[in-house]
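1. Sequence below, structure please.
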Amino acid sequence: MLIFHSLSLAYSDRVLFSGLDLTIDRGQLVGVTGESGTGKTSLLRAIVGVIPITAGSIEVCGLPLDVHHIHEIRQKIAYVPQELQPPAENGAALIALTHALAYNRALLESSSSPATVPEASASVPLEKVLSTLSLDPSLLSLEASKLSGGQRQRILLAAALALPKPLLLLDEPTSALDEENSQRVALALLRACHEEGRVALVVSHDPVLLRFCDKVLDLTNL
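-> Predicted coordinates:
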């Protein structure tokens, strides 16, 4: 599903990491951790094609990451950046934004809204995902300003999980959650991977979430 071959990323003139060789198979939940500035978020953004690769290559769902395949690759990804503040009146609007917005380079670069693409195939029932994350459906009618950071975070995650995407890219999805809810998120991601055959690549410093991962990539050691 994901292959990194001798991958290197840099920001300005500073190398973030180099020589990453890793294969992620279908059905795996993989954590990405490391010290600040080691390129964790940049790795996710490189996969969706908004940060150029310095050296090496990435293969996504059997396709080389290049200008010829980037649109097709993006159709396979549900991506939730960190610290989103999408404009929305209520929780239902957050769901609608996540499901309705097509991939857009400007949105990805600004991280102002979730960037996922709906497909024609059936999605996982949203009600089931909300229940898994211990979210009452009544929260969807609550004004967005009255939702806590953790509730917004779980609603956006639920929207991403409900989309029929084989690849989930999530940046710090449990940063605003307590240990109990972090564990709920981890179990939901494990089910998406182990039972539905998806892949989740998750940037996180959360020991609760990382403990559930099939493998953990520490970019500090590259």
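
2. can you map out the helices along this structure?
-> 40-47, 70-74, 91-100, 105-110, 126-132, 149-162, 179-194, 207-212 (DSSP state H).

3. And the lowest mean pLDDT element among the helices and strands of this protein?
-> strand 115-116 (a mean of 38; mean pLDDT, DSSP states H and E).

4. burial count for the closest residue to Ile24 other than its chain neighbours?
-> In space, not counting the residues next to it along the chain, Ile24 is nearest to Leu2; the distance is 4.0 Å by Cβ to Cβ, 6 or more residues apart in numbering. Heads up, the C-betas are built off the backbone N, CA and C, glycines and all. Neighbours of Leu2 under the rule other Cβ atoms under 10 Å: 20.

5. quick one, what contacts Leu2?
-> Leu2 makes contacts with Leu22, Thr23, Ile24, Ile47, Ile58, Glu59, Val60, Cys61, Leu167, Val199, Leu201, as judged by Cβ atoms under 8 Å, 6 or more residues apart in numbering.

6. show me the contacts for the nearest residue to the fifth one once chain neighbours are set aside.
-> Of all residues beyond its chain neighbours, the one nearest Ile58 is Leu65 (4.1 Å), with distances taken as Cβ to Cβ, 6+ apart. Shown in contact with Leu65 (Cβ under 8 Å, 6+ apart): Ala46, Ile47, Gly49, Ile53, Ser57, Ile58, Glu59, Ile73.

7. shouldn't the first one be in contact with Ile53?
-> Yes: using Cβ atoms under 8 Å, Ala46 is in contact with Ile53, at 5.9 Å.
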